[in-house]
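Student: Sequence plus predicted model, see below.
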Number of protein chains: 2
Amino acid sequence: MPAIHPITDRRAALKERHRRAIVAAAAVLLEETGGLNFTIEDLAVRADVSRRTVFNHFASLGDVLAAVFDDVMAELVDCYTAQPPPEDAAQRSASVDEAFDELAAAVRATDLVPSMSYLTRSLGDKDQSPWVDGVLLRVLEDGGLRLAAAMRERRPGVDALEIDLLVNTVLHGVLVVHRHWYEATAAADDDASRAVWSSLVDRFLARLRSGYAREHDPGDPTSA
Amino acid sequence: MPAIHPITDRRAALKERHRRAIVAAAAVLLEETGGLNFTIEDLAVRADVSRRTVFNHFASLGDVLAAVFDDVMAELVDCYTAQPPPEDAAQRSASVDEAFDELAAAVRATDLVPSMSYLTRSLGDKDQSPWVDGVLLRVLEDGGLRLAAAMRERRPGVDALEIDLLVNTVLHGVLVVHRHWYEATAAADDDASRAVWSSLVDRFLARLRSGYAREHDPGDPTSA
DNA sequence: TGCACTGAGTGCAACGGTGCACTGGGTGCA
DNA sequence: TGCACCCAGTGCACCGTTGCACTCAGTGCA
């Protein structure tokens, strides 16, 4: 994911490269160890920086985790905003069910399987430190806010409350789906496992849709 | 080529890595541009460092060139010293013709073709700045001294004058061979080009040998 | 229960890299 | 022949990283 602002010199590039390396290494170690079963030293070695540098970039391990989870959210927001905009002004107004369709498409399109394993596992882990739960919930909230903002920009005619409810429901639903997927596949990364993921996502979205009948076309609800 | 002394911390490793990148980039640019047809900025970009950093490591472009050529010499010395030592004390003494054989084997074994193109071209180029000739000749002399020292260590019984003459003759001979090779193949890097190189090296070494008859076996001189 | 150890987090100074403005020599052109 | 430009090389200040010693909380064990 490119930096929010263009890197204008080598110093800034180096800084950003190291920050990204730390976040990426944390994601890998979460995956490999099944949680927070590594040290700051492990993280530094994997990121190819010094231990001090980790703390130059992040105030704490919690901040590193927040950045990891933030990337997951950013991925989803990117997939959502990457869709072609509605074709005319009339379509941009109202129609929360079409907003639902777009969000659903983004969830389907985003490769959430590898990066969300530890997120789900972290939330579901009874032995997890409470502070990690705090980090995760904050990241979900921040990500949800960004997703809602993107949706409001895209469909300004839709009620803000409807958008917030939609986003909140889908994000937490995706976590539930992911936990089921994880238990069914043991986080395998192969075609069969991805098929299970698609099936579960479709079931979840179909289930949600039945409460979101189309306002313009009450007949013929389609389930993929 | 590993550092002479082990790198003990990340700072030293970073410094050495950047120094090596600069030298490697210079070698590539010499090859690509056929000489000194690039700027310090080009070199810095290719080495992925800043222009200032080049001068942090080297006093001048001449010093960079010296380091590039020094790598070529080091390659040859490494091939020479990598050979198994003579099996007994008697063999370690005298026998300059066997010293010749060992040096010849090193010349054959060293992949000199890619890295010496610009060295030869530089020495043969009339338009070249005189200061480059100075750099090259100094590097040849330094490399020759190291090679001679390695030879004296390996065969302490051989006269020092004989060793110095041998090393000097072979090094300058290799440059002549390389110029002929370069003119015959336009520095192509393929099997046919390497076959030409091997043939020329063999001719040069066979020619030298006829002036170095074996002391222990006066009959049956072999030419490969 | 006291002690030793581990590891997160911190302060500080040094190192290596970098940005930038500058000088001066060399070159080409009107 | 003067001027403009290019580029090697330089000084200086700043940035980011790093090494290292430290504190403190948590943990395990005799």
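Tutor: The structure has been received and is ready for your questions. Residues are numbered from 1 along each chain as shown, chains lettered A, B, ... in the order given.
Student: The most centrally placed residue in chain A and DNA strand D: what is the separation?
Tutor: Nearest to the mean C-alpha position of chain A, by C-alpha atoms, centre = their mean, lies A:M73 at 3.0 Å. Between A:M73 and DNA strand D the computed distance is 24 Å (C-beta to the nearest atom of the strand, to the nearest Å). C-betas here are computed from N, CA, C, even on glycine.
Student: Name the SS class of that residue, please.
Tutor: Here A:M73 is recorded as helix under DSSP: H, G, I helix; E, B strand; the rest coil.
Student: pLDDT score assigned to it?
Tutor: pLDDT recorded at A:M73 is 85.
Student: Also A:D159?
Tutor: Listed pLDDT for A:D159 reads 84.
Student: now the residue lying closest to it once chain neighbours are set aside: how far from DNA strand C?
Tutor: Closest residue in space to A:D159, ignoring its immediate chain neighbours: A:V96 at 7.3 Å, by C-beta to C-beta, 6 or more residues apart in numbering or on different chains. In this view, A:V96 and DNA strand C are 41 Å apart by C-beta to the nearest atom of the strand.
Student: Please verify my assumption that A:V96 contacts A:E162.
Tutor: Yes - taking C-beta atoms under 8 Å as the definition, A:V96 is a contact partner of A:E162 at 4.7 Å.
Student: which one of these two has more residues nearby?
Tutor: Each of A:V96 and A:E162 has its neighbours counted (other C-beta atoms under 10 Å in any protein chain shown); A:V96 has more, 18 against 15.
Student: domains for chain A, by residue range?
Tutor: Domain assignment of chain A by automatic domain parsing yields the ranges A:1-58, A:62-209.
Student: Can you flag the weakest of those by average pLDDT?
Tutor: When the domains of chain A are compared by mean pLDDT, domain A:62-209 comes last with a mean of 80.
Student: now that one: how far from the chain's centre is it?
Tutor: A distance of 5 Å separates the centroid of the chain from that of domain A:62-209, by C-alpha atoms, centre = their mean, to the nearest Å.
Student: What parts of chain A come near DNA strand C?
Tutor: Residues of chain A lying close to DNA strand C by C-beta under 7 Å from any atom of the strand are A:9-11, A:14, A:38-41, A:51-52, A:55, A:59-62.
Student: Quick one: name the residues of chain A near DNA strand D.
Tutor: So chain A meets DNA strand D at A:11-12, A:14-15, A:18-19, A:49-53, A:56-57 (C-beta under 7 Å from any atom of the strand).
Student: Now, of those, which are buried?
Tutor: Among the residues of chain A next to DNA strand D, the ones that count as buried by 16 or more other C-beta atoms under 10 Å in any protein chain shown are A:15, A:18-19, A:49-50, A:53, A:57.
Student: Just send those back as CSV, with secondary structure too.
Tutor: Shown next, in CSV, are those (three-state DSSP):
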residue, secondary structure
A:K15, helix
A:H18, helix
A:R19, helix
A:V49, coil
A:S50, coil
A:T53, helix
A:H57, helix
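Student: Take the residues you listed and write them to TSV, including distance to A:F69.
Tutor: What follows is these, written out as TSV (distance: C-beta to C-beta, whole Å):
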residue	distance to A:F69
A:K15	21
A:H18	20
A:R19	15
A:V49	21
A:S50	24
A:T53	21
A:H57	16
